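A structural model of the following input is requested.
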Amino acid sequence: MRLLPLIAALIAAIAVALAAGGARALTVAPDRVAQPEACPDGNPSALLRLDLSGPRPRSEQIASDIWRHGGYPLDVSPDGRWFLYSAGGKDLRVRPVAGGSSRLLATEPPGAYALKANWSPDGKRIAFVTISGGGRTPLWVVGADGSGLQKVADDGSVPTWSPDSRRLAFFRSRKRLIVTRADGSRSLDVAPAFGPDGPPVWSPRGDWIAYPGIGARTLDLIRPDGSGHRVLGGGLYPSWAPRGNRIVSNHVYNYDGGNAQDAFAIRDLHGHLLHSIEYGQALFPSWSPLDDQIVYAALAGKLHDGRDQLWSIRANGTRAHQLTHDRELPGIVLADDIERLEWVTKGPRTGKQLFYFRNFCDDDTD
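Numbers count the residues shown, from 1 in each chain. So this is what the prediction gives:
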């Protein structure tokens with residue numbers, strides 16, 4: 001009754017080629033080597049917080065008890081004070097990150113489970129998708145206080161909010177990019193897309209949307225009204241620079257006999273390649289909302305244990321360093337993969353804290 005297998009099914013394997021003419025390339029992390037799985041696929045997620053405000057980065061697990069009752073975290077509020085989780089596939093609840101009692105947000109429809117959620121930038125509303133046994137994925141919006149639950153679309157996936165919290169972008173049938181008002185009115189079919197390759201991502205000013213196009217794992221740009229379409233190049237999991245003038249994305253630059261190596265491509269909005277930062281399978285580059293720091297998930301050092309850690313690098317490819325040293329946590333075994341990163345974007349913790357999600361499984365020795 002847990003949703004990680006469904007979430008994993010939405011993520012396609014990365015396999016594209018990058019033409020790196022004229023771009024600076026720096027190799028800063030080792031290639032991933034084959035490692036035995038720490039846990040089988042399809043396990044719940046652990047929510048962790050990384051604090052970058054002190055002299056040394058510090059990570060800690062948040063609400064380690066919810067998974068014992070069949071719950072799993074879905075998203076974190078923009079100010080980093082609350083997190084949203086599904087309680088045993090029955091209720092959506094919010095709970096203080098600092099600890100305390102949870103609050104009911106919405107009761108999931110009978111036979112349906114929350115699949116993906118996204119908190120609005122102003123912190124006032126939450127968009128979420130449910131899935132039932134029949135495979136339908138309606139899109140809902142509810143107030144952060146639990147009021148005003150409303151179905152926005154009968155079929156939607158990976159919803160993301162515009163910076164002004166007035167509109168949503170999502171994929172219909174995982175094939176069409178849709179932009180709509182938060183109440184479901186004035187829905188616009190913007191462009192064809194390839195939804196399994198990640199969510200649509202709004203620019204900081206809300207004037208562009210980056211999304212996976214229908215080409216060979218292409219990264220496309222388009223205006224919310226459907227105008228100005230352009231193909232930036234190959235790439236997945238885009239993240240915008242704070243000023244909205246550059247995009248970093250995962251980019252496989254080499255494919256030889258089935259062994260792909262990832263790279264981060266930094267491009268301007270015309271598709272010009274500014275930097276190609278090479279890695280051995282690093283994922284989810286996420287631009288700090290404050291500066292030119294990019295945080296990403298990659299293996300740590302030559303003597304790594306097959307588990308992703310968080311790293312940081314400047315946008316010019318310099319000053320790469322490891323941020324986390326996560327080990328096993330009491331009662332669980334951490335799997336090797338980090339699923340996604342979420343920066344705090346509102347309030348005094350903006351750019352100083354981020355949250356990330358790991359797979360894990362029960363420790364039978366506990």
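
So Ala263 versus Pro163, what's the distance?
28 Å (Cβ to Cβ, to the nearest Å). C-betas here are computed from N, CA, C, even on glycine.

actually Asn359, not the one I wrote
Distance, Asn359 to Pro163, using Cβ to Cβ: 30 Å.

the more surrounded of the two?
Comparing Asn359 with Pro163 by other Cβ atoms under 10 Å, the one with more neighbours is Asn359, at 23 against 17.

For the more buried one, list each beta-bridge partner.
Beta bridges link Asn359 to Ser45, judged by DSSP bridges.

Go ahead and confirm it touches Arg307.
No - the pair Asn359 / Arg307 is not scored as a contact, 10.4 Å apart, by Cβ atoms under 8 Å.

looking at this, Leu219 is in a strand?
Yes - counting by DSSP: H, G, I helix; E, B strand; the rest coil, Leu219 is part of a strand.

got the contact list for it?
Residues counted as contacts of Leu219 (Cβ atoms under 8 Å, 6 or more residues apart in numbering) are 210-213, 231-236, 238, 247, 249.

what about it, distance to Pro57?
Leu219 is 29 Å from Pro57, by Cβ to Cβ.

Next: Leu92.
31 Å.

give me the number of residues near the closest residue to Gly226 other than its chain neighbours?
Counting by Cβ to Cβ, 6 or more residues apart in numbering, Gly226 lies nearest to Val190, which is 4.6 Å off, once chain neighbours are set aside. Other residues within reach of Val190 by the criterion other Cβ under 10 Å amount to 22.

Next up, phi/psi of Val190, please.
When read as degrees, to the nearest 10, the backbone of Val190 gives phi -90, psi -50.

quick one: contacts for the residue nearest to Val344 when sequence neighbours are not counted?
Nearest non-adjacent residue to Val344, counting by Cβ to Cβ, 6+ apart: Gly80, 3.8 Å away. Under the criterion of Cβ under 8 Å, 6+ apart, the neighbours of Gly80 are 49, 97, 344, 347, 349, 353, 355.

Surely the first one touches Lys352?
No - counting by Cβ under 8 Å, Lys352 is not a contact partner of Arg49; they are 10.9 Å apart.

Which entries within the contacts of Gly80 meet the buried criterion?
Using 16 or more other Cβ atoms under 10 Å as the burial test, the contacts of Gly80 include 49, 97, 344, 349, 353, 355 as buried.

ok, what's across the strand from the first one?
Spelled out, that is Arg49. Arg49 has these beta-bridge partners by DSSP bridges: Glu60, Phe355.

just curious, which of the buried ones among the contacts of Gly80 is nearest to Ser185?
Val344 (30.8 Å; Cβ to Cβ).

residue contacts, that closest one?
76, 78-80, 350-355.

Put together TSV for those residues, with secondary structure on each row.
What follows is the contacts of Val344, written out as TSV (three-state DSSP):
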residue	secondary structure
Val76	strand
Pro78	coil
Asp79	coil
Gly80	coil
Thr350	coil
Gly351	coil
Lys352	coil
Gln353	strand
Leu354	strand
Phe355	strand
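
Between these, which sits nearest Ser101?
Val76 (17.6 Å).

Could you give the bridge partners of the closest one?
Assessed by DSSP bridges, Val76 has beta-bridge partners Phe83.
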